[in-house]
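Asks: Can you look at this prediction? I've put the sequence above it.
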Amino acid sequence: MSAFDVAVVGAPFLDLTFAGLPRVPGPGEEVVARELHVGPGGTGMQAIGAARLGLSTALVSPIGDDPAGEVLRTMLSAEGVEWIGQRNGSTATTAILSTPDGPAMATVFDDAEPTTQGVAAVDARAYVLSLGRLPLRPSSAAVYATTGGIELDVGLRVDARSLDGVRALILNEREANRLTGATDAAAAATTLARDVECVVVTLGPRGALAVENGREVRVDASGAEAVDATGAGDLFLPA
């Protein structure tokens, strides 16, 4: 029996969300936020989402040996997520300015990445990785892939060989269109599904669609008043 149901691979962020801003401040301007939320972002949010759904979950990445890393370790531990990796100097941190027109973000990265050996040392039934980290995947496990604007901005490309063995690819409409050059989510999903068993594309307030074995399925979004969609994709992925 595997030690974990799922291993999420990749360094998490510490998100600092300034909620209730009337607008993004201009140069030299100070505006007042209603609240400050501190929480895990990226892979940290994915791992906690999986744990809250009852899956035994590991987060595999370098561990920041700094105050931000200590905050993340405490949060992950409280949610039952085991953070596995070598100690590292710093933790990726994102400042999120949440306004009525949508969020603006600024992120400080650390260059440390998980290693093939580190991922292989974690025994899990399934692994969640970004497309850029797929070379780290074990050869004999279920793999669920995702991506994001940061990877796509550096010219990420995928092909049948790089997607070999991926059980499902989960991404949003903009990401799917950028990967394929399509202008329609269904067309993008169909193109990607030539190389992946299942492709799921989220459509924001329009719900989501999936293409699997040539069959397309659409699901409407449940009714809700959206306050801030930051991290919605990260939580959709474990669900």
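Replies: In hand now; what should we look at? Since the model is a prediction, treat every value here as computed from it, not as a measurement. Numbers count the residues shown, from 1 in each chain.
Asks: lowest-confidence helix or strand of the protein?
Replies: In the chain, the helix or strand scored least confidently by mean pLDDT, DSSP states H and E is helix 149-153, which has a mean of 81.
Asks: Show me which residues of that helix are buried.
Replies: For helix 149-153, the neighbour count (16 or more other C-beta atoms under 10 Å) marks E151, L152 as buried. The way it works is simple: take the backbone N, C-alpha and C, and place the C-beta from them, glycine included.
Asks: Each with direction, which strands does the very next helix or strand once past that helix pair with?
Replies: Using DSSP states H and E, the helix or strand that follows helix 149-153 in sequence is strand 166-172. Neighbouring strands of strand 166-172 in its sheet, by DSSP bridges, are strand 142-146 (parallel), strand 198-202 (parallel).
Asks: now strand 166-172: mean pLDDT?
Replies: On average, the pLDDT along strand 166-172 is 95.
Asks: Would you tell me what the next helix or strand after that strand is?
Replies: helix 173-180.
Asks: give me the low-pLDDT residue ranges for this structure?
Replies: Applying pLDDT under 70 to the chain picks out residues 1.
Asks: and the longest helix for it?
Replies: helix 67-78 (DSSP state H).
Asks: packing partners for the helix or strand following that helix?
Replies: Counting by DSSP H and E, the next helix or strand C-terminal to helix 67-78 is strand 82-84. Under the contact definition 3 or more C-beta pairs under 8 Å, 6 or more residues apart in numbering; DSSP states H and E, strand 82-84 sits against strand 57-60, helix 67-78.
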